[in-house]
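>>> attaching a predicted model along with its sequence, questions to come.
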Amino acid sequence: MLIAQISDTHIGVPGALAYGRVDVSRMLIDCVRHVCRLDPRPDLLLVTGDLVDRGIPDEYAHFRELLAPLQMPVRVIAGNHDEREALREAFIGDGYLPSSGFLHYVLDEYPLRVIGLDTLVPGSGRGELCAERLEWLDATLSAKPHAPTLVALHHPPFDTGIAYMDRLGLTGREAYADLIEAHPQVRATLCGHLHRHIVSAIGNRPAITAPSPAHQVALNFDADAPGCFSMEPPGFLLHRWDGKHLTSHAVSIGNFAGPYPFRR
Ligand SMILES: [Fe+2]
Ligand SMILES: [Fe+2]
């Protein structure tokens, strides 16, 4: 099974540039083209939050339009730039989101079970796994203890060293790590929010953030550095499940020379 993970597309209304500078629509079109050219095609495209920039219905409509060429199921989770009810309204027709409450869901139809978690705190950049959300996750994991599982959430449950982003981090991460530790069927935690490809470990399992198909968060370990983005190469992740092992590939989006055979 192949899962493409894209994250933090920050789509605006048609013609809008993110931060007055980033042509996010153009960059998502390039990403979608890249995913469509993959052979074999992914079985699923997972979007790990910050689909749009301001959380308004017109932005979600534009996002859906830009993803329309993808001939594969698309499943989304909410990020801090998303608005819960506008997102629900835009995607409820696809049949996997609940009609009220947190935007959690489970995909049970694949060889790898996928759980989407809602870490959204309305009006805030940070994320939260409160007692209610953790209880839902525990019950959901307990229901199928032998099914290999991925958990996807927008805010990573670990600090990255990029202080500006760590200040917009996840509350409830300790309890989350304990929960993952207690459920050995979880193979990895997939996240967004950081606009960079970062690998850590939570509950002794990999925890991975995806790069953005648009702008990246600038890499700076200075604790006082202001929040900045950079136009480093855009990308997405491709997770391959062979029935036993999960292997995650970072894919750069762009037109690159090759492939060339090693033997001439
Ligand atoms: Fe983002
Ligand atoms: Fe975010």
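That came in fine, so what should we check first? Ligands and ions are numbered 1, 2, ... in the order given.
>>> isn't H34 right up against N255?
No. If you go by Cβ atoms under 8 Å, H34 and N255 don't touch, sitting 9.7 Å apart. In short, each C-beta sits where N, CA and C put it, glycine included.
>>> need the contact partners of the helix or strand where R133 lies.
Applying DSSP states H and E as the criterion places R133 in helix 131-143. With Cβ atoms under 8 Å, 6 or more residues apart in numbering as the test, helix 131-143 has contacts from 102, 104, 106, 115, 117-119, 129, 149, 151, 172, 175-176, 179, 182-183, 185-186.
>>> returning to what we had before: so which of H34 and N255 has more stuff around it?
Legend: neighbour count by other Cβ atoms under 10 Å for H34 and N255, higher for H34 (20 against 6).
>>> find the nearest non-adjacent residue to the more buried one, please.
Using Cβ to Cβ, 6 or more residues apart in numbering and skipping the chain neighbours, the partner closest in space to H34 is I253 (5.0 Å).
>>> how many other residues sit next to the one you found?
When neighbours are counted by other Cβ under 10 Å, I253 registers 22.
>>> and if you look at the one 5 residues further on?
The criterion is other Cβ under 10 Å. On that basis, G258 has 5 neighbouring residues.
>>> please report how far it lies from ligand 2.
Noted for G258: a distance of 33 Å to ligand 2, by Cβ to the ion, to the nearest Å.
>>> try Y19
Distance, Y19 to ligand 2, using Cβ to the ion: 14 Å.
>>> okay, now the residue nearest to that residue when sequence neighbours are not counted: neighbour count?
Of all residues not flanking Y19 in the chain, F229 sits nearest, at 7.1 Å (Cβ to Cβ, 6+ apart). Each residue near F229 was counted by other Cβ under 10 Å, and the total is 17.
>>> and for Q216?
20.
>>> check contacts around it.
Q216 is in contact with H195, R196, F229, S230, M231, E232, P234, counting by Cβ under 8 Å, 6+ apart.
>>> what does H154 give?
7, 48-50, 77-80, 119-120, 127, 191-193.
>>> what strand or helix carries it?
Per DSSP H and E, there is no helix or strand for H154.
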